[in-house]
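[1] mind folding the following:
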Amino acid sequence: MFTNTLEYKNILCPVDFSETSRKAFYRAVAYCQQFGARLTVLHVREGGNPMTPDQVEAEQGTLTRLEEGLVRRLDELEEEGKVTRAERDRMFLEIRGGKPWIEIVRFAVDTGADLIVMGSHGHTGFLHVFMGSQCERVVRRAPCDVLTVKPDGYDPKIAEA
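    Predicted coordinates:
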């Protein structure tokens, strides 16, 4: 059934700390405000599990710094008056390990996300083939709408027909 209303209640914003994901984060905050939605900021740490006690300790330190940094940025937005306390209370942080696109889709399914807002690095050609595209994989497999945010200065390099 078609409806002409647009409503998002559970927004997911994956971040990798690139400039594009930072831009997507601010866009997701704006959508959270516009729709009165819950926002979960998700960071997926890629790689294997730490093996030695020193690696476990280093990993824990890294995760703690990531969490503190994200929470601090959300708190700063509130202090700067860019989000209200009620909006800030609907913003959460989640850190997971694994393949980013798999964990993003899994999290969206598990939490009933109805919008994913994520940055696209805009790789094309060999770099795209070599690195793959986390964003493209999420777009293809996500159970909900996905808004991709392009990097500043993105050049689509449209091929001539």
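
[2] how about the top helix by length along the chain: buried residues?
    Ranked by residue count, the top helix of the chain under DSSP state H comes out as helix 53-79. Going by neighbour count (16 or more other Cβ atoms under 10 Å), the buried part of helix 53-79 is 66, 70, 73, 74, 77. (C-beta placed from N, C-alpha, C; glycine too.)

[3] what's the next secondary structure element after it?
    helix 85-88 (DSSP states H and E).

[4] mean confidence for that next one?
    What helix 85-88 shows for mean pLDDT is 91.

[5] same for the following helix or strand past it, what does it pack against?
    Sequence order places strand 91-97 as the next helix or strand after helix 85-88, per DSSP H and E. Using 3 or more Cβ pairs under 8 Å, 6 or more residues apart in numbering; DSSP states H and E, the elements in contact with strand 91-97 are strand 38-45, helix 53-79, helix 100-111.

[6] closest to residue 27 out of those?
    strand 38-45 (10.8 Å; Cβ to Cβ).

[7] buried sites along that closest one?
    Of the residues in strand 38-45, those buried (16+ other Cβ under 10 Å) are 38, 39, 40, 41, 42, 43, 44.

[8] show me the shaky parts of the protein.
    The model of the chain has pLDDT under 70 over residues 1-3, 48-51, 122-132, 154-161.

[9] run the last query once more with 50
    123, 125-131, 159-161 (pLDDT under 50).

[10] tell me, what residue is most central in this protein?
    residue 14 (1.4 Å; Cα atoms, centre = their mean).

[11] how far away is that one from residue 133?
    13 Å (Cβ to Cβ, to the nearest Å).

[12] how about residue 65?
    27 Å.

[13] for residue 43, give me its contacts.
    Residue 43 makes contact with 14, 15, 16, 17, 66, 70, 93, 94, 95, 96, according to Cβ atoms under 8 Å, 6 or more residues apart in numbering.

[14] the same query, at a cut-off of 7 Å, please.
    Shown in contact with residue 43 (Cβ atoms under 7 Å, 6 or more residues apart in numbering): 15, 66, 95.

[15] list the contacts of the second one.
    When the contact criterion is Cβ under 7 Å, 6+ apart, the partners of residue 66 are 43, 95.
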